[in-house]
Each structure stands twice: as C-alpha cells, then as structure tokens.
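Undergrad: With the sequence up front, the predicted model follows.
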Amino acid sequence: MLLYFVFVLGIGFALKRFMKTSKDFFQAGRALPAWICGLAFISANLGAQEVIGMGASGAKYGIATSHFYWIGAIPAMIFVGVFMMPFYYGSKARSVPEFLRLRFDEKTRGYNACSFAVMTVFSSGISMYAMARLIQTLHIFDSLFIRLNLPVGWVFHFAIFLSAIIVLGYIFLGGLTSAIYNEVLQFFLIVAGFLPLVWVGLKNVGGWSGLKATLPAAYTHSWRGMTNPHANPLGVEWFGLSMGLGFVLSFGYWCTDFLVIQTAMATDTEESARRVPLIAAIPKMFFPFLVILPGLIAIATPAITQHAMTQAPAVSASSNATADVGGSAEITKGLIPAKVNPVTGKVMTDEKGNPLFDYDLAIPNMLLHYFPTGILGLGLTALLASFMSGMAGNVTAFNTVWTYDLYQSYIHKNASDAHYLKVGRWTTVGGILLSIGAAYAATSFNNIMDTLQLVFSFVNAPLFATFLLGMFWKRTTGHGAFTGLVTGTVAAVLHHGLTLPTDAHPGIHGGWITVLHHYPSEMAQNFWTAIWAFSTNFVVTVIISLMTKPRPEPELVGLVYSLTPKPVEHNMQWYARPKVIALGLIVMLVALNLIFK
Amino acid sequence: MNLDLRIPMGLLFTLVGAIMSIYGFFTRGSAIYERSDGMNINLSWGLIMLVFGVIMYTLGRRSDKRPRAAQVEGTTRPLGHGHGGH
C-alpha cells in the first residue's frame, strides 16, 4: 500500500517539470494518447459511488443493476463519442460551461458553472467521508494506531487528511495529466484487486450455475419481469427504465458532465477525442462482472458464523425471508449485516418493521471474507484507489471550471497565463480544503449529504435536453435554454415533492408537499423525476426559443450539427473509425443483454 | 510530455506481483488459504500481476527507445501510440 502511495506522488513530481502553461495544467496540453484518456474516462467515474454503490445494488437488486451499464452508460458513451465530441473538441471550448457560453449565452454558462463547481466539491467531500468511514469500520489502521499509542478515534481524521494530502500532492504538481495518469493506474489496480475476488468468490459458490441455483431467478436475469414494475427487484417497468435511466440520466451524465468529458478533451486530436469514450466503453461493458457480481456473490455466500441464513433468501429482497428471523439479534443476509443505528445500537427498520440491510458493506465484507493476508492488502488498496480516483476527477474538474469559467470570466479578466496557472494550483488547495469541510459537514449532519445529492439530481436531470437541442437544432436560443433549465429543475423538485416510494416515510424520500402517487421503489421515482425534468426542459426550451430571436447562422458554425462540416473519416483505417467501433460495441451490447436476459 | 505511463505502471505491478508471489510461495499450505477456498491466491495472482507488470514495462521501454534514437533529447514527441484499449 505504501508502495502505491509512493508511486502516485512520484508521477506527480515527474510531471511537474512539464507544467509550464495553464493549458498544460488544465487540459494536459491536449497531448495524451487515446487509450490513456479512455481508461481515465471510466476511472474518473469509478469512484466511491461506483464501486461501493454498484456492489450494493448488486446485492440489493441482482444482475438487473447491469442495466446501469448495458442500457445506461454504454449507449450514452457511444453517442457522445460519435456525435457530440466533435462539438466539444472542435469548438475549442476548454470546459463544458464554456461550450454553453459559446452556444448560448453568459447566464446559461454562469448557472451551469456555479452548480457544477459546488457539486464537484461536495462529491469529492462525500468520497472522502465515505472512505474515512470505511477505514474506520474495517479497522484497517487500528493496529498501527494502537502501536503508536494514539487514540483509535483519530483514525477517521487521519484517513481524511491522508487522502486529501495525497490527492492534493499529485494534482498540485502535475495538474490534469497527473490526475489522468493516476486514474489509469488506479483503474488497473482496481481490476487487479477485484478480479481475484470474483474468481475466488465464484469458485466458492459453485460458479455462475451455482449462483443461479442459490439465488431467486430475478437476481440472475436482468430482463425478467420488466413488463410489470411489481414483478422485478428494481420496481421499474421497461419504459421507465429505458427512458429514465437509459436516455435521460445516463446520457445526461456521460454526455454533459465535465468530470468525464475533461479526460476526452485532453487528447491530441479530434479523432482521438472521439475514440476516447468508445475505447472506454469496451472495459466498461465488462464492469458488471467486476463490481456487481461481488454483490451477488455476497448474498449467496453462506456466512460462516451463521447457520440460520445459509438457505437462500426467498423471493423478494427485503420482505419475506428476513421477517422470520426478525427477532434474533444478528440479522445478516449472506455477508451483508443489518444496518445499525449508530446512536441507539438497534437494528434500523423500514415502515413495515423489516430490518434494513447495510448493502454498502457488500464489497468490503467480501474482501475480508475471501482474501487471506497478502492479497488482502492489494484488495484494500484497490478500494482506497477507487475513492481517490473519484476525488481527483472532481478536484481537477473544479479547478478548470473555477479558473476559466468563474475566475477568468467574472473576477479577473485578461491576466497573464502564468497568473491563471498559479490560480489553478491554489484552487486545488482551496477545492480540497472545501472538500474536507464537506466531509466534516457530512459527519455532523447525517442527512445533509442525502439532501445535497437530491438537489444536484434536480439540477442535473434536465441538462441533457439543453445540450441535445443546442447541438442539433439551430433555432435554440440562449433565453430558451436558460428558462428551460430552470423550469426543468423546478419540475424535478415538484415531482419529487408530490410522489413517494412505497415503504418510505414522507420527507427526504419525497412526498413533502403531498402524496399524489406511489412508486414501487425509490429507483422508479428517480427515473420518473428525471423523465419529467427532461420533458419539461425540452418543451419549455422549444417554446421560448420560438418566441425569441435566434442567433445568426454564421456564429453557430462548429457548434450546431447541421451547420458544421462532418468530420472526415476516410483517411483512417477502417477499424479505427468511430462509427465502425460504435457498431461493434452495439453488437456486443445486444449479445450481453441476450445472454443475461 | 515525455513520461510513458507504462513504465511506472509496469514497475509498480512487477514489484507488487513479486512481493505477493514470494509471500505466497513461502506460505504454501498455510491455514490462511481456507478463506480463499483452498487456493493459494497470493502465489497465483502474484504471478499474473508480475507477468502483466513486466509486459507493460517492456512495452513502455521499447516505445521509449525507438524515437530516442532518431530524435534529440528535449524535442516534443507524442507519447506511446493510440492503439486500441488494453
């Protein structure tokens, strides 16, 4: 583990001498090869929510979680690579908000830049907090602290500052290049740490067929019961799934979030930039096996200390099977412990009195259960690497957006390049300090993070409609885009306030205005919130655009699809053309969906 | 930019792989492998990582050497080749 930290900082130092201009620092000089950026593209997203969250959903919902990849992320990545990247890269915009200014106007950019900057700081804070909590829960450094005669309670602070200093160190020195290099390194580490986990775990439960025999059918078939929201673990029907998750949420994230787009924009040519998301899609396609499968294995694994639960839990995730053992003190499902209220020490329950499970511990517990000393160190390092990679991406994105879109545009215009480089460096420090603040805010107010994430989802949900209209309809105006974005967010807030997932208390989960509609699951509610926000934004943007004066066409060349010359692909080898790669990816995608249907 | 990522990455994986396989070699048949279903996962996975690390390092060194013979040190040149995913 120590070795890893040394290497991480070493890369920062090695790259320091190349950081001469702000372009080097913020955009990696636009000179990185496509495969590196491609891996960084998915690694930037492979943070805390991804590894822990996907494992948790795997345990909670089964293989249907792979929809996040197979109908969510991958089609979106193909779309951004084939259609949208030429505009991002070709417009010479240095960030996504800057593209919005070129296409629309200053207010749209300001709105997007501010909400994005706040969001990145809090996301990296959440990452930090989650990591520190995990280190504390797993007692990784406890023996070290006891040996040094320090109170064990300091482990939490130690973890936060350690991660902050490491991430700060390599970004401060090497900027985006260093962040990207480290993201790739972390990518390989994560694969190296989790692949043997799947290997050993699968062997233990008797391979894929053994897993199928142990778990109810809905867990191993991703499309079963999709015609009726009550017949599958996700609680969503196929329309809500493909529109909400597939179209609105995933496209919104992968096509507009600067966190991932920044890595593609760091490549040397437009062709490489287009290839980045496509290259990224290949490993991404197999990620479910790496992060979701451990979650599945976790619930299929017979816990050693337990004999009551060695039989497979019956049908539904939370209700039937666990109700029988509800009285016993230790309730687990496979390797997953019940959620315990930290204050009272009692098992937390939902509205019907069923215990809630702490699915977030699925992957960490898998590591502890299956790995002997030695490789356990590797596995834990991989886990920590995933947290840092998420943090780093957020911090560099924050840097760029703050320096270019807020500082350079509103605070200090026309300064020298060296000045902005300096600002960028110190923004890293500021961004990380703010993240630490956010991490501690999460410690003292349990709900603040949930609330904030909710607010971000409101802001983000309608975003994709703006980009879609902006890039493909030349009539779209700045006023239209801005009004659409704001009303889309309002629609998301209203929808959330008026609906409630079953089994939840009104409040943070929705229904805080009044409950008009019940969704079978929280996920269904999220998807439909996104659909409403997107549609409202779309309609409002079109109406306002038709009422306002469009910009003259010559100004929009390079920004709108119909006015931009199509990128030439003939000089490339046939297998290197984005469209060919995209087609191959789609074929593989359909095959995967059929195998696991 | 003239640092080929494959070199540090190869080094890291070679080192970690070596440590793990040596550790695995000396703990053969130890009780710790009951967790991993009787498999000596340290040895087998350590070797896989070692091989991966060496391949990465060699690839990185090779593409690093070739242009250096033709070019003077200090000129900018593209890093690696954009060939496919790994």
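TA: All right, it came through fine. Given the structure is predicted, the values throughout are model-derived calculations rather than measurements.
Undergrad: show me where chain B has helices.
TA: Per DSSP state H, chain B carries helices over the ranges B:6-26, B:41-70.
Undergrad: looking at chain B, which helix or strand is least sure?
TA: The weakest-scoring helix or strand in chain B, judged by mean pLDDT, DSSP states H and E, is helix B:41-70 (a mean of 75).
Undergrad: in it, what's buried?
TA: Neighbour counts over helix B:41-70 (16 or more other CB atoms under 10 Å in any protein chain shown) mark B:41-50, B:52-54, B:56-57, B:59-60, B:63-64 as buried. For glycine as for every other residue, the C-beta is placed from the backbone atoms N, C-alpha and C.
Undergrad: for stretch A:423-442, same thing?
TA: Residues A:423-425, A:427-428, A:431-432, A:434-436, A:438-442 are the ones in stretch A:423-442 that count as buried (16+ other CB under 10 Å).
Undergrad: between these, which is nearest residue A:298?
TA: Residue A:298 lies nearest to residue A:442 out of the buried residues of stretch A:423-442, by CB to CB, at 25.2 Å.
Undergrad: biggest separation within the buried residues of stretch A:423-442, which pair?
TA: Among the buried residues of stretch A:423-442, the pair separated by the greatest distance (CB to CB) is A:423 and A:442, at 27.8 Å.
Undergrad: My read is that residue A:65 contacts residue A:295, right?
TA: Yes. Residue A:65 lies in contact with residue A:295 (CB atoms under 8 Å); the separation is 7.5 Å.
Undergrad: hey, what's in contact with both of those two?
TA: A:54, A:57-58 (CB atoms under 8 Å, 6 or more residues apart in numbering or on different chains).
Undergrad: Who are the packing partners of the least confident helix or strand of chain B?
TA: Applying 3 or more CB pairs under 8 Å, 6 or more residues apart in numbering or on different chains; DSSP states H and E, we find helix B:41-70 packed against helix A:155-205, helix A:375-400, helix B:6-26.
Undergrad: Tell me how many other residues surround whichever residue of the stretch 401-550 of chain A sits closest to chain B.
TA: In the stretch 401-550 of chain A, the residue that lies nearest chain B is residue A:421 (16.2 Å; CB to the nearest CB). Applying other CB atoms under 10 Å in any protein chain shown, we find 20 residues neighbouring residue A:421.
Undergrad: Quick check: the gap between it and residue A:175.
TA: From residue A:421 over to residue A:175 the distance is 9 Å, taken as CB to CB, to the nearest Å.
Undergrad: Residue A:247 too?
TA: 34 Å.
Undergrad: For those two, indicate the residue with more neighbours.
TA: residue A:175 (30 against 22).
Undergrad: So the more buried one is in contact with residue A:396, correct?
TA: Yes. Contact criterion CB under 8 Å: residue A:175 and residue A:396 qualify, at 7.2 Å.
Undergrad: Contacts only, for residue A:431.
TA: A:120-121, A:124, A:395, A:398-399, A:402.
Undergrad: Between these, which sits nearest chain B?
TA: Of the contacts of residue A:431, the one sitting nearest to chain B (CB to the nearest CB) turns out to be residue A:399, at 18.5 Å.
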